[in-house]
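predicted coordinates and the sequence they were generated for:
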Amino acid sequence: MSPGRMTRAVRIAPQRLRGRLIPILQTATAAVAAWYLAELLLSDEAPAFASIAAVISLGAAFGQRRERALQLVGGVVVGILVADGIVALIGSGPPQIGLMVLLAMSAAVLLGGGELLVAEAAVSAILLVVIAPGGEAGFSANRVLEALIGGGVGLLVASLFFPPDPRLLVDRAMQSVFAGLGRTLQLVAAALREGKPAPADEAFERAGRIDLEVAEVHHALATGRETARFAPPRRGARHQLDPFVRSIAQVDFAVRDTRTLARSASRALRSGATGPQRLAAAVEVLAEAVWSLAAAYDEPGRTQEVRRLAMQAAELATRVHAPGTELAVSELIVQVRSTAIDLVRAAELVAGEPVGAQSATDELLLPDRADVPS
């Protein structure tokens, strides 16, 4: 590593640690609490598996679904049961470890466990041999109970002490979607303004990647709703997630229509169609509407601004149409209007307007001129 990179790594290290310090302290607290609780309940002098299970389950519970945490704890239990049986029968050693891993993973699969449970069963089998070698061979119910105690402590700590902010998780994921969507529309506008298909091609590829970010929003919503449900300190966040829950599907429609818009722009520019440049201003206004929609989750009053900008974009696109307009340009007009409708409907959902109010959206954005394509 060069001196410059080393200096930069040292400089940003405190920032990295600061961002993860709370979950690290949370995990350390759970490990210690699980050890003492297992020691108290089981009279075990070294309940290491309680601490291990607490760390594992807490790592899954922080930002992941509770079912995954339970899978990890289940893997610990399966691994311990298999390893205890093997050690009691044939002792411990490298060959036995291989057999333990084989049987533990097979048992986890037969029980219908997912990848996490299967992998954790193998890890736990190995740990048992390392932590409790030959002299402590034999089945011990305490080890299974330790795993259950540790898993329970981990989930309890995750729910009560410093649980993640559900709204913050979802908002970050949603803002990432809007950042990609706004930038994509800017690229389409640049392609139309310059008459070059390359930015439109880049926009099409970028729009395809936004699908992954939309999936992240759905995952964050699932995590956030679960956290708000099971973590008493976060119960108040349940209603804060409602605007995101209501609008994510419509935002997804806007992403899809933007991808189609980028593809249509590239096709129109490559075909040598005349006139697509005049749509650049409309697409630029659509990008502004996206930025306003992103802000509307914190400032609901901005939804009216989204409506105004979307209608302006639709009107600018409508003005481009004239008798004899080429089909490629007409397709672009339709896509601009479709994306505008998506953004207006998303804004209505963020504001919590009645569903009946959305039925007028198409009419509000429809042009007055009869010769515009529908």
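That came through fine.

close enough to count as contact, residue 31 and residue 56?
No: if you go by C-beta atoms under 8 Å, residue 31 and residue 56 don't touch, sitting 10.1 Å apart. Where you see a C-beta, it was placed from the backbone N, CA and C, and this is true even at glycine.

check the gap between residue 194 and residue 167 for me.
40 Å (C-beta to C-beta, to the nearest Å).

so between those two, which is more surrounded?
residue 167 (21 against 14; other C-beta atoms under 10 Å).

neighbour count for residue 31 and residue 56, which is higher?
residue 56 (24 against 21).

any idea which helix or strand carries that one?
Of the helices and strands defined by DSSP states H and E, residue 56 is found in helix 48-61.

do residue 289 as well
With DSSP H and E as criterion, residue 289 is part of helix 280-296.

residues contacting that helix, please?
174-175, 178-179, 181-182, 185-186, 188-190, 192-193, 251, 254, 261, 302-303, 305-306, 309-310, 312-314, 316-317, 320, 336, 339-340, 343, 346-347, 350-351 (C-beta atoms under 8 Å, 6 or more residues apart in numbering).

buried subset of these?
Buried residues within those, defined by neighbour count using 16 or more other C-beta atoms under 10 Å: 174, 178, 181-182, 185-186, 188-190, 192-193, 251, 254, 261, 302-303, 305-306, 309-310, 312-314, 316-317, 320, 336, 339-340, 343, 346-347, 350-351.

helices - which of these land there?
174, 178, 181-182, 185-186, 188-190, 192-193, 251, 254, 261, 303, 305-306, 309-310, 312-314, 316-317, 320, 336, 339-340, 343, 346-347, 350-351 (DSSP state H).

which stretches in the stretch 1-150 of the chain count as strands?
Counting by DSSP state E, counting those that start in this stretch, the stretch 1-150 of the chain has no strands at all.

point out where it drops to low pLDDT.
Regions of the stretch 1-150 of the chain meeting the criterion pLDDT under 70 cover residues 1-13, 15-20, 59-73, 91-92, 113-117, 120, 124, 127-140.

spatially nearest residue to the most centrally placed residue in the chain, not counting backbone neighbours?
Nearest to the mean C-alpha position of the chain, counting by C-alpha atoms, centre = their mean, stands residue 216 at 2.2 Å. Counting by C-beta to C-beta, 6 or more residues apart in numbering, residue 173 is the residue found nearest to residue 216 once chain neighbours are left out, at 4.6 Å.

distance of residue 240 from residue 225?
11 Å.

between these two, what contacts are shared?
Common neighbours of residue 240 and residue 225 (C-beta under 8 Å, 6+ apart) are residue 166.

run through who's touching stretch 25-34.
47, 50-51, 53-55, 58-59, 62, 149-150, 153-154, 157-158, 161-162.

now list the buried members of the residues you listed.
47, 50-51, 53-55, 58-59, 62, 149-150, 153-154, 157-158.

quick one: which two of those residues are the most distant?
47 and 62 (22.5 Å; C-beta to C-beta).

pretty sure the residue nearest to the centre of the chain is touching residue 174, no?
No: using C-beta under 8 Å, residue 216 is not in contact with residue 174, being 9.1 Å away.

spit out the residues that contact those two alike.
In terms of C-beta under 8 Å, 6+ apart, residue 216 and residue 174 are not both contacted by any residue.
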